[in-house]
Structures are given as C-alpha cells and as structure tokens.
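A.B. asks: Pasting a predicted model and its sequence here:
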Protein chains: 2
Amino acid sequence: MAVNLEPPRAEDLLTIAGVRLGVARAGVRKPNRKDLLVVALDEGSRVAGVFTRNRFRAAPVLVCQEHLEGDLPIRALVVNTGVANAGTGQPGLANARAVCAAVAKLAGIEPAQVLPMSTGVIMEPLPVDRIERGLPDCIGDLAADHWTSAAEAIMTTDTVPKAVSRQTVIDGRTVTVSGIAKGAGMIQPNMATMLGLIATDARVGADALQDLTRQVAEHSFNAITVDGDTSTNDTLLVVATGQAGNVEIVGEGTAEFSKLCGTILEVAQLLAQAIVRDGEGATKFIAITVDEGASRAECLKVAKAIAHSPLVKTAFFASDPNLGRILAAVGNAGIADLDPARVGLSLGDVTVVQEGGRAAGYTEADGQRAMKPAEIAVRVTLDRGVESATVWTCDFSYDYVKINADYRS
Amino acid sequence: MAVNLEPPRAEDLLTIAGVRLGVARAGVRKPNRKDLLVVALDEGSRVAGVFTRNRFRAAPVLVCQEHLEGDLPIRALVVNTGVANAGTGQPGLANARAVCAAVAKLAGIEPAQVLPMSTGVIMEPLPVDRIERGLPDCIGDLAADHWTSAAEAIMTTDTVPKAVSRQTVIDGRTVTVSGIAKGAGMIQPNMATMLGLIATDARVGADALQDLTRQVAEHSFNAITVDGDTSTNDTLLVVATGQAGNVEIVGEGTAEFSKLCGTILEVAQLLAQAIVRDGEGATKFIAITVDEGASRAECLKVAKAIAHSPLVKTAFFASDPNLGRILAAVGNAGIADLDPARVGLSLGDVTVVQEGGRAAGYTEADGQRAMKPAEIAVRVTLDRGVESATVWTCDFSYDYVKINADYRS
C-alpha cells in the first residue's frame, strides 16, 4: 500500500565500478527470506558515515564508527535484518565483532576493514552462528549488478524495495551513483533511514566525502519522519570507489563537489522519500514546507511538530480538513516568541489561514478538495524571516497500529 | 472502553458552599446534548487559573487571562463544548466577549466578572446566538448539586464524565473539594486537561491560591499525555469560595496550605488520570516513573519520550513485550550525556533491563506476563541522581485512529 512507489526495475539500477553485492537466506529471524547482504569494495574505496543520535546506539553502530575511525581502509560491509543487535550490552558488541571477523576471514582482509549494520528487533541476541553459516552464500553471490537483490535483502516491514541510480558528468567523466535504503517504522531524523547505502565511482577525498555525507543526510534522511521515533541503528554510509577517473574532489566550494553532492542528494532524497511513501500503514505522502522563519532550525521544529502530531496525521488519513489541528501543532512547536497573528497556512493551492485566522475566502469544500490527493503539499509561513525547511512525512492509519502491534508475531 | 473508570455516582459528589452549576442543551454543534454550562460563584470567591502553553491560545483563554488579571472579582464561569473558538482571530475574541456579556446581563454582573471556556473543533466560528439562546436555561438550572450534570455538559469525545470530591479538616473546619474535567484527545502537558474546574469552600488568599493551582497542575494535569498534542484551549481553574470558615490560608510552608494542596492534588490527580483512562481508544493505563535522574526535568523528558512513542504505545496495545522500543525511546529523550550502560527498566515486578542490556533472569514469558494487565507500572532508573518524575499515559489502538479520523463527521 505504498504511496506512488513502484519497485525499482533492475534495468534502471546502474553498477558502480568497484562495488559488488551478494545476498543470502541466513534464517536470521525467519526462514526463506533474503536477510543477509555483503558488499565488497575494491581497494582504493573510501567510506563515510552518519549515524543515529539515539543514546542507545546499537552494537553494529558502535563497531562501524570504531572501524571508520581506524587506520585500515574499509573493504566490506555486512548487513543483516531480523535482529538489530541493540540494547544487547557487551555480548552484543562481541557478536558484531564476530560477524566482522567471519567476513574478514572469508574475504582475506582484517576485521577492522568490515562495517557491520543490523536492523530488526531490539534487545534480542544476534544469532552469529546462522549469520556465519550464511556468509559463504553471500560471497558466492557477489556481483556488480545485484543492487535490486541487495535492496530486497535489507527490508524489514518495507513493502517495496528501495533503490535508485543517477549519473552526472564531472571533470569530463561520467560519474554514477547508486543507492539502497530501508524503512519503514521507527523513522525520524536523525538518522531517519534505519539503513542506507549509497555508492559512487567518483574519486573523492576523505574529508570531502564526510562533509558531503553530512550535507546529504541533513536534507534527505534527516528531513523525513514516519512516527517520530529515532532508531538505535540508523546508519547512512556513502562509498566512493574512485574508479570514474576524475581528478580527486578535495573540498567544498568547487563546482565538482557541488555537482557530486547534488547528484548524491537526488539519490538520497528519492530513497528517503521512498521510505516515507512506504511508511508503515501510509496512505498519503505529505511534504511540509515552513517558510519565512528566522532560522532553518525553527522552520524544522515547526515542520516536525506538524509531522509528528497524531491528530494531524489521522486527519490526513481521513481526508478530513480539520485544519485547526495544524495550527495547534504550529503553536506547540516550542517557538516561544512566535506571533500566531502572522502565521499563514495553505494546502496545495488552497489558502486556509491568513494572519493566524481562517482565510477570508476559505470554504470547507476547498479544504475537502485539498485533503483528498495521495500527495499533499502543506505550506506554513511564519512571517518572521527568510529561512525555510521541508520535511516529508506520511499519514497515520489503522494499518500503522496493526503493523506495530503485530510486528513480532 | 475507558480503562477501569466508572461514571461518578451522584451521591459521591459533594456540594461546595458558594458554587451552583446549571447546564443547557444549546445545540452549539450537535442537537440534543448538554453542551453549555454556567457556574455561579458567591461573592467572596477567589479564582486562580493555569492555561495552555500552546502559542495559539484560543480566544476564551485570552479573555480568561484578561479577566483574571482585572480588578473585579470573578462571579461566573461559562463553558461550551462543540466549538473551541481557537484559530479564529479578532472575530473569535469578540465572540468570547459577547458570551461573557450575555452571561453578565442575565446574572446582573459585569462581563469582566465572567470567565469563558470552550472546547471542540478548532477554526470554526463560535455560534454566539445559539449560546445566548441557551444561557437562560443554564441560569434556570443553577443548583449546588449539579456536579454530575456539569461533568456531562463539558464532554466531547469523552466516554465517561469525570468528577471527584474529597474532604479534609483544616483549622477545625471540614473543607470540601469537588472537581470536574474533560479529555480525551489532544492531551499533553501543558495543560493536559483541555478543561478542568476544581472548587473548594476553603478560604485561601489570592497568591496562595495561584501558587497552589500551579503546584497542583504540575503534578496532575501536566503529568499526563494521551497523544503528545497540547490543545489551544487547555484551562484549569481552581475556585475557593471561602465559606468553610477556616482562617484564611495565606502562603506556602504552613500545615494548612499543605493539607489543602494535598486534598486538591488528590482530586486533580484522579481527574487527570481519569482523562488518561478515558483517552481516545485507550485499552491500557500506564504509569511511567523515571527514577535516579539528575533533575526532575530530565526525568520528565525521559518519561514523556516513552509516553509519546507510537511504537511503545502500539506495543502496549498489543501486549507485545517488544521492550527494546522503551530503551530506544529513553535514548531519544534528548539527554546528551546519558550513559546507556547505567539504565535499568522494569515493568511491574519484572526486571527487564539492567545496566543497559537485557537483565540476566529476564525471559520472554516474564515480559508477556508484565504486558498483559490493563494497568502497568513502567519504571526506568537512570543511575545519575536522586530526582524522579511520574507521567500517566495510555496505549495507542485502532480506536484512536478511528476516533480521530471520524471526529467531525
């Protein structure tokens, strides 16, 4: 029931020179489903990451960060679904390290060259033995064109695999970007993705890659929310294999950096929006833009207050123009000196609120028309500055409750 | 479907000397239901109030605050349901004043001696004409023993009227406290109640009454949450008619102040908890206590992060011991220096988490047993101080979505 979201077609996904992907059915939590992914990176690849700000960072997140900060180049990623290996204390850390060691042994590299990711149920022990038994299948399956299969292997409650490719030309060379991501609940900045992996063949310096990753995350995965819950495992990794042959991109402020950043951002936004379109129980895709704020931060606060309000979300589900709920959410955003009398609100082309009250020409019929479409653009104007922010979210349906009440059964 | 909540029995509600209540069916939004309440206060009464912190304060809230700050003693309250008169700009203010003027005319007092309250749909114009036509019925109905009827008249999506009385002895005199409140959605501190009215015959100084009202609100209506949305109209008024004959209570730090505060707090907590028990779609009543924090503020933050998590709330609905979701919520509470390795969690008598990980003796069967009851005590320990806070909330069910998707239809 995803909102305007088709599965990616294999022919639309482009290979990235230096990246091979292999999956397996390891039975991590349930039998007979793809649940294990290994991504092999050629020598010369660089990896940057951004991670959940939840204080309960999962064991694989901690190990990921440790290995990224180490001296050895990253050569492999390993992703399992089913069990998040979060809230598992010291044994969880040991398990994450054991998985890295097993990958390293098969690949002939060091454990510190492997980045682990996990997604699934929290507080359950990671079944390392099953993962170890599945890894040889992953290695045997490694191929450059397995992006679709990889997108399937990282799904949990997702109903549609999420994968996107784009190309651009940098420095006279064609540069390709491909990415996969998974949702679909416990989704809020920061990070929103639960898991995202974007790879490019561009050649990028280590600092530039980290800067780029942060900027991309801010305007994509950190700008979506399904339910306001930030996962313990959220991870976005950006890989640059450097095989496109361009002169190395070393910093911000160059046309090459901007171009690559723009292309990766396009992929990241499409993946992030796909997570929202496939949000648990989603029937509507809602873009909330807050304009004329004094800072981007306050615009984000207002947009998220709207996006997180269960009352607003259920009204969208019902296509009920009970739009005062949006005003109430704006008032709850925690902006102490907000002047309600300057606030405006529109949905699509319908002006609902002007100067803090019902707009003169607004009718209930207009509101009903504006609430009907599967995709709705909400725009709030604060009339106190020039900054703005956009957040993407979905509605709140019976199915959200159903999915989350039944998730483990 | 309220959780362990019976309608109040008329014989359990005690009259307050100096307070009379009268209701009417004014057809504010729907015909043939009690939707208008007038409360008449004898001369010598004092009133204190606390109000929503939503920036979009409704017109009646603004007028209430203005009249409370004025020089004239308050002699009447007027409450309508159906239309909140919020997000209605200047016309809304004029309408709230018109209602006060109509009450004043009938009662032979000044408009500034009337406090208005409204609850219902936001952004709709208040039908002043219907309210004016209903007011004579309210005046004709005024009686000291109409507390039950008054509790019914202020209901919106509430399924059970909420009213409580208690007595204590102060200064050798019996002092009585009676209160009514309504929920049941858009419920979060501050204020949570949407509307609450508590009256006592105690004699209390104006400053002491305001102090007492703030303290009571903090530990009752501001400690509950149904859905994290703070209404535009939330109002708690505490009336003291002074007819009990005690020596006037003039400040904190006296036994008399503490005793009255304790009795009013008991009434306020029972009313606030009744709002949660009757929360939209509630099937479970959950008390979340966070202990061993560095400050009450951080304990509240953690408790609310748990109470607001849709994932936690749906797990309670399903009686699914997916308790890692509680840990994730703790980690999301925004306490930057929280050490996850010191966090503990128990449900009822079941220890779930010790030192940030699954407790040694914990089994899934224990978790299932702990999640089953209709009332659950969640206890989180932070191991970083001596402060604590308790928040009351309910679960998140299909019916929450249903009620809020259908509210206006």
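C.D. replies: It's in.
A.B. asks: Would you agree residue A:237 is in contact with residue A:209?
C.D. replies: No: checked against C-beta atoms under 8 Å, the pair residue A:237 and residue A:209 is beyond contact range at 10.5 Å. Bear in mind the C-beta positions are built from the backbone N, C-alpha and C, glycine included.
A.B. asks: what's the overlap in contacts for the two?
C.D. replies: When C-beta atoms under 8 Å, 6 or more residues apart in numbering or on different chains defines a contact, the residues bordering residue A:237 and residue A:209 alike are A:47, A:48.
A.B. asks: distance of residue A:216 from chain B?
C.D. replies: 23 Å (C-beta to the nearest C-beta, to the nearest Å).
A.B. asks: what do you get for residue A:396?
C.D. replies: Distance from residue A:396 to chain B, by C-beta to the nearest C-beta: 6 Å.
A.B. asks: Low-confidence ranges, the stretch 51-200 of chain A, go.
C.D. replies: The stretch 51-200 of chain A contains residues with pLDDT under 70 at A:184-193.
A.B. asks: go with 90
C.D. replies: Counting by pLDDT under 90, the ranges of the stretch 51-200 of chain A that qualify are A:52-57, A:86-89, A:120-124, A:156-159, A:171, A:183-195.
A.B. asks: Could you pull out the helices in chain A for me?
C.D. replies: Ranges of helices in chain A, per DSSP state H, are A:59-69, A:89-107, A:128-141, A:147-153, A:206-218, A:255-277, A:296-308, A:310-318, A:324-331, A:364-371, A:398-406.
A.B. asks: ok, now which ones touch residue A:117?
C.D. replies: Neighbours of residue A:117 in contact, by C-beta under 8 Å, 6+ apart: A:60, A:64, A:77, A:78, A:79, A:80, A:195, A:233, A:235, A:237.
A.B. asks: Most neighbours of all these, which one?
C.D. replies: residue A:60 (32 neighbours; other C-beta atoms under 10 Å in any protein chain shown).
A.B. asks: in chain A, what residue sits furthest out from the centroid?
C.D. replies: What lies farthest from the middle of chain A is residue A:360; by C-alpha atoms, centre = their mean that is 39.8 Å.
A.B. asks: wait, isn't it in contact with residue A:354?
C.D. replies: Yes: counting by C-beta under 8 Å, residue A:360 touches residue A:354, with 7.1 Å between them.
A.B. asks: How about residue A:220, nearest residue that isn't a chain neighbour?
C.D. replies: residue A:268 (3.6 Å; C-beta to C-beta, 6 or more residues apart in numbering or on different chains).
A.B. asks: repeat for residue A:364
C.D. replies: residue A:321 (6.4 Å).
A.B. asks: returning to that earlier point: for the residue nearest to residue A:220, the count of nearby residues, please.
C.D. replies: Applying other C-beta under 10 Å, I find that residue A:268 has 30 neighbouring residues.
A.B. asks: Test my guess that it contacts residue A:196.
C.D. replies: Yes: because the distance of 7.3 Å satisfies C-beta under 8 Å, residue A:268 is recorded as touching residue A:196.
A.B. asks: Please enumerate the shared neighbours of the two.
C.D. replies: Shared contacts of residue A:268 and residue A:196, counting by C-beta under 8 Å, 6+ apart, come down to A:179, A:221, A:236.
A.B. asks: and which of the residues you listed is nearest residue A:115?
C.D. replies: residue A:236 (11.7 Å; C-beta to C-beta).
A.B. asks: Show the contacting residues for that closest one.
C.D. replies: For residue A:236, counting by C-beta under 8 Å, 6+ apart, the contacting residues are A:49-51, A:191, A:193, A:195-198, A:213, A:216-217, A:221, A:268.
A.B. asks: Give me the buried subset of the residues you listed.
C.D. replies: A:49-51, A:191, A:193, A:195-198, A:213, A:216-217, A:221, A:268 (16 or more other C-beta atoms under 10 Å in any protein chain shown).
A.B. asks: Filter those residues down to just the ones in strands.
C.D. replies: A:49, A:50, A:51, A:195, A:196, A:197, A:198 (DSSP state E).
A.B. asks: nearest to chain B, of the residues you listed?
C.D. replies: residue A:51 (12.4 Å; C-beta to the nearest C-beta).
A.B. asks: Look up how far residue A:340 lies from the closest one.
C.D. replies: According to C-beta to C-beta, to the nearest Å, residue A:51 and residue A:340 sit 37 Å apart.
A.B. asks: what's the answer for residue A:16, then?
C.D. replies: Distance from residue A:16 to residue A:340, by C-beta to C-beta: 50 Å.
A.B. asks: and if you look at residue A:78?
C.D. replies: Taking C-beta to C-beta, one finds residue A:78 at 51 Å from residue A:340.
A.B. asks: Could you do residue A:253 as well?
C.D. replies: For residue A:253 relative to residue A:340 (C-beta to C-beta), the value is 40 Å.
A.B. asks: Per the annotation, how does chain A divide into domains?
C.D. replies: Listed domain ranges for chain A are A:10-277, A:285-406 (source: automatic domain parsing).
A.B. asks: how about those domains in CSV, adding distance to residue B:310?
C.D. replies: Formatted as CSV, the domains of chain A follow (distance: least, C-beta to C-beta, whole Å):
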stretch, distance to residue B:310
domain A:10-277, 4
domain A:285-406, 7
